[in-house]
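Novice: what follows is a predicted protein model with its sequence.
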Amino acid sequence: MRDFSSHLEPQTQQKAYALHADTYVDPQFLELEKPSIFNNHWQLVGHINQLSEVGDQITARIGNVPIVVVKNSDNQLKALHNVCRHRAGPLAIKNCNSNVLRCKYHGWTYDLDGVLKSAPEMQTTQHFNIRDIQLPQAYLETWQNLIFVSINKPSFSLEKYFAGITEQIKPIDLRLMKFSHRDQYVIDCNWKVYMDNYLEGYHLPHVHPGLNKLLDYRQYDLELHKWYSYQFSPLDNAKNSNADIFYGEGSAHYYCIFPNLMLNILPGRLQTNLILPEGHNRTKIIFDSYYSEIESEKTLKLIQEDRAFSDEVQQEDITICEQVQVGLNSGSYQAGPLCMKRERGVLHFQNLVRQTINEYGIYMKKNNV
């Protein structure tokens, strides 16, 4: 594994430089990020409404580890490794309902707690004891009806991870919102390019002319917390007579939760953006949208308007992020200075990347791994 330590020195606001281009273009850096960042932090996998009945199952992948989350016979949620203990076959390949987890390769069957119950023809194998085998379990917690999983034990509970958000967004109550629709994109850039782009309003007037009309760029501000940054802006109804109809009265709240989750919270709706690396220069973006009073005529109209406008903004972001990746790949760029008026969120995120990978390296050395 290549030594990236020279690119991982923490930066200060007095002299802040962005992450080095190597961390966006070298596939070895992503292989370092998966165990250090993705396996050790809470990852969004779904919503409790997806697991309302015993036997409901949803699939996800965290880093390199496939996961299946199930509701067991005691109405408890379990996050299990979706990897059969026989020869690594998949137990679930899509969201579904079943009273067992059955390997799609050789039919080994586990109950909803991950305990092996059946292994065809294995009675012919000496020293095989079915009672010795069960699926590894990941850590699971819920926050505001969203389900999060971590492969390794996280440093903080979800309540500490999201501390302060429910108070900041009042009177909006995320627990009252129901799922509406999902949009997905696969784009040609490193996952951190997309994260960096979300974390600053610096590009707003230049990349998003439509969105810039709805938000008050002059009052667009940022707060930094331990594991997330909070961008917010009053909805500028004075600039756009349709703003109160389309975006609503109040404020737009944008949270970036380390390492790869975004929460866009506006009056009457929530959008979760999950950023998943598909490769060192390829990223999947999953947008799930939730609304309160989801069956009302007003909300149905709002969903149509939101979706059309979101597509417009997303295409603008895709275009600029893919162009940035071209620049990173060029060899012309190494690491540029950050604007502390507009890019403190970028610095905060990138320092968390540096910190997490450095701590992982110290742990590996200490334990001779």
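Specialist: Everything's here; your move. Keep in mind the model is a prediction, meaning the values are calculated, not measured.
Novice: strands of the stretch 251-369 of the chain, start to end?
Specialist: 251-257, 261-266, 269-279, 282-291 (DSSP state E, counting those that start in this stretch).
Novice: go through those strands and name the closest to residue 94.
Specialist: strand 282-291 (15.0 Å; Cβ to Cβ). For glycine as for every other residue, the C-beta is placed from the backbone atoms N, C-alpha and C.
Novice: contacts for the closest one, please.
Specialist: Outside strand 282-291, the residues within contact range by Cβ atoms under 8 Å, 6 or more residues apart in numbering are 47, 174, 177-191, 193-194, 268-278, 299, 302-303, 306-307, 310, 314.
Novice: where in the stretch 251-369 of the chain is pLDDT low?
Specialist: Regions of the stretch 251-369 of the chain meeting the criterion pLDDT under 70 cover residues 366, 368-369.
Novice: hang on, I meant the stretch 1-150 of the chain
Specialist: Judged by pLDDT under 70, no stretch of the stretch 1-150 of the chain qualifies at all.
Novice: try 80 this time
Specialist: 1 (pLDDT under 80).
Novice: all strands of it, in order?
Specialist: Using DSSP E, counting those that start in this stretch, strands in the stretch 1-150 of the chain cover 43-47, 56-62, 65-71, 77-81, 96-97, 101-102, 109-110, 116-118, 139-143, 146-150.
Novice: just checking, what's the longest helix in this structure?
Specialist: In the chain, taking DSSP state H as the definition, the longest helix is helix 297-329.
Novice: tell me the buried residues in that one?
Specialist: 299, 302-303, 306, 310, 314, 316-318, 320-322, 324-325, 328-329 (16 or more other Cβ atoms under 10 Å).
Novice: with stretch 5-21 instead?
Specialist: Within stretch 5-21, the residues that count as buried by 16+ other Cβ under 10 Å are 7, 8, 11, 16, 18, 19, 20, 21.
Novice: just stretch 276-284 next, same as before
Specialist: Applying 16+ other Cβ under 10 Å to stretch 276-284 flags 276, 277, 280, 281, 283, 284 as buried.
Novice: run the chain-centre distance for it.
Specialist: Centroid separation between stretch 276-284 and its chain, computed with Cα atoms, centre = their mean, to the nearest Å, is 13 Å.
Novice: next one: stretch 35-46
Specialist: Remark: stretch 35-46 is offset 8 Å from the chain centroid, using Cα atoms, centre = their mean.
Novice: okay, how far is it across it, tip to tip?
Specialist: Stretch 35-46 has an end-to-end distance of 21 Å (criterion: Cα to Cα, to the nearest Å).
Novice: who touches that stretch?
Specialist: 58, 60, 62-63, 65, 67, 69, 79, 141, 146-152, 154-155, 158, 161, 257-261, 272, 274, 353, 356-357, 359-361.
Novice: any of those buried? List them.
Specialist: 58, 60, 62-63, 65, 67, 69, 79, 141, 146-151, 154, 158, 161, 257-261, 272, 274, 353, 356-357, 360-361.
Novice: for residue 81, give the beta-bridge partners.
Specialist: residue 67 (DSSP bridges).
Novice: was I right about it contacting residue 69?
Specialist: No - contact between residue 81 and residue 69 fails when scored by Cβ atoms under 8 Å: they sit 11.1 Å apart.
Novice: residue 152: what secondary structure?
Specialist: Look at residue 152: counting by DSSP: H, G, I helix; E, B strand; the rest coil, its state is coil.
Novice: pLDDT score assigned to it?
Specialist: pLDDT, residue 152: 96.
Novice: quick one: contacts for it?
Specialist: 39, 40, 139.
Novice: buried among these? Make that a ChimeraX selection.
Specialist: Here is the ChimeraX command that picks out the buried ones among the contacts of residue 152, judged by 16+ other Cβ under 10 Å:
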select :39,40
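Novice: any chance of the contacts of residue 152 in TSV, plus distance to residue 93?
Specialist: Converted to TSV, these look like this (distance: Cβ to Cβ, whole Å):
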residue	distance to residue 93
39	22
40	26
139	23
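Novice: ok, of the contacts of residue 152, which one's closest to residue 365?
Specialist: Distances from residue 365 to the contacts of residue 152, taken by Cβ to Cβ, are shortest for residue 40, at 16.3 Å.
Novice: what's that closest one sitting at in phi/psi?
Specialist: When read as degrees, to the nearest 10, the backbone of residue 40 gives phi -110, psi 10.
Novice: and the gap between it and residue 18?
Specialist: Going from residue 40 to residue 18 by Cβ to Cβ, to the nearest Å gives 23 Å.
Novice: same thing with residue 256?
Specialist: 16 Å.
Novice: how about residue 129?
Specialist: Counting by Cβ to Cβ, the gap from residue 129 to residue 18 is 54 Å.
Novice: re the thing from before, output the strands of the stretch 1-150 of the chain as TSV; include the columns distance to residue 204.
Specialist: Formatted as TSV, these follow (distance: least, Cβ to Cβ, whole Å):
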stretch	distance to residue 204
strand 43-47	25
strand 56-62	32
strand 65-71	35
strand 77-81	37
strand 96-97	41
strand 101-102	46
strand 109-110	49
strand 116-118	53
strand 139-143	28
strand 146-150	27
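Novice: quick one: which of the ones you listed is nearest residue 170?
Specialist: Of all the strands of the stretch 1-150 of the chain, it is strand 139-143 that lies closest to residue 170, at 15.9 Å by Cβ to Cβ.
Novice: contacts for the closest one, please.
Specialist: Looking at what lies outside strand 139-143 - Cβ under 8 Å, 6+ apart - the contacts are 42, 48, 69, 77-79, 147-154, 157-159, 161-162.
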